[in-house]
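**Q** output the structure for:
(one chain, ligands or ions: 1)
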Amino acid sequence: MKRNLLFILFFVFSFTLIAQEVPELMEMKPEMTELWEPEVPVVTPGAKYGNAPSDAIILFDGTNLAEEWEGDRDSIPHWVVEDSIVTATRGGGIRTKRQFGDCQLHIEWRSPAEVKGTSQGRGNSGVFFHEKYEVQVLDNYENRTYRNGQAGSLYKQYAPLVNVCKEPGEWQTYDIIFNAPIFKDENTFLVPPRVTVLHNGVLVQNAVELRGPTEYIGVPEYTVKKHGKGSIYLQDHGNPVSYRNIWIREL
Ligand code: MG
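**A** You can find the predicted model right below:
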């Protein structure tokens, strides 16, 4: 009995000591949540908005179309280059020779100053990721079309939040963050592609998740054949849309 009492007293004493120690052990200091390694990589930004930062891959600067791009019908990108600008001509779209997964893309585009056509027939082109997922390029300055098919839309999936199109003939920018899909199996997304788009510096797509590849007819499917990295593809839709200053950062 006396022995049991001693044990009890010992445990009470020990617990009291530990209880006194705990607050001191758990006390956080500022440096305990500071992470120093690895150091954040240094990137030199462009001199002004739209200029490529130091770690960007220059996909088009007016001089390197044939090095970085090919046609979708043969190895030659048939689009016309003039004054550091490349313009869509009939003969198919162009795709990058390099392939990308997660990326940040900057691209500048201009719909023809001479307005022809209405709705989808006016300044239509498109920026595709993996040649499958389209951010629509269209002249929607005072030009109505279906909302999920206008400039800045994820075509037929997400309308842009706002219409910030400039007048035909003016240069416009897209800054696009594309997160490539992660696949669960051979034909199902575990994590769908996610896309953020700024059009002329204004947010028009806020991390939207795609249902599947862009479809012209029918509802996009969540099921899609498993793929890895892919090309950036610019669409020839029969309108002479121009592009310049295209760069990309792999994420
Ligand atoms: Mg298009």
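**Q** interface residues of the stretch 51-200 of the chain facing the ion?
**A** 124, 126 (Cβ under 5 Å from the ion). The way it works is simple: take the backbone N, C-alpha and C, and place the C-beta from them, glycine included.
**Q** which residues in the stretch 51-200 of the chain form helices?
**A** Secondary structure of the stretch 51-200 of the chain (DSSP state H, counting those that start in this stretch): helices located at 65-68.
**Q** my read is that residue 133 contacts residue 158, right?
**A** No. At 11.0 Å, residue 133 and residue 158 do not qualify as touching, with contact defined as Cβ atoms under 8 Å.
**Q** overlap in contacts, the two.
**A** Applying Cβ atoms under 8 Å, 6 or more residues apart in numbering, one finds that no residue jointly contacts residue 133 and residue 158.
**Q** settle it for me: which of these two has more neighbours?
**A** The residue with more neighbours, out of residue 133 and residue 158 and counting by other Cβ atoms under 10 Å, is residue 133; that gives 26 against 21.
**Q** hey, what's that one bridged with?
**A** Taking DSSP bridges, one obtains residue 129 as the residues bridged to residue 133.
**Q** which residues touch the residue nearest to residue 141 when sequence neighbours are not counted?
**A** Of all residues beyond its chain neighbours, the one nearest residue 141 is residue 165 (4.4 Å), with distances taken as Cβ to Cβ, 6 or more residues apart in numbering. Residue 165 makes contacts with 139, 140, 141, 151, 172, 199, as judged by Cβ under 8 Å, 6+ apart.
**Q** now, which of the residues you listed sits nearest residue 27?
**A** Residue 27 has its nearest neighbour among the contacts of residue 165 in residue 199, at 49.6 Å by Cβ to Cβ.
**Q** residues near that closest one, how many?
**A** Other residues near residue 199 number 24, with proximity taken as other Cβ under 10 Å.
**Q** was I right about it contacting residue 161?
**A** No. At 9.4 Å, residue 199 and residue 161 do not qualify as touching, with contact defined as Cβ under 8 Å.
**Q** for residue 210, see how far away residue 149 is.
**A** Counting by Cβ to Cβ, to the nearest Å, the separation of residue 149 from residue 210 is 15 Å.
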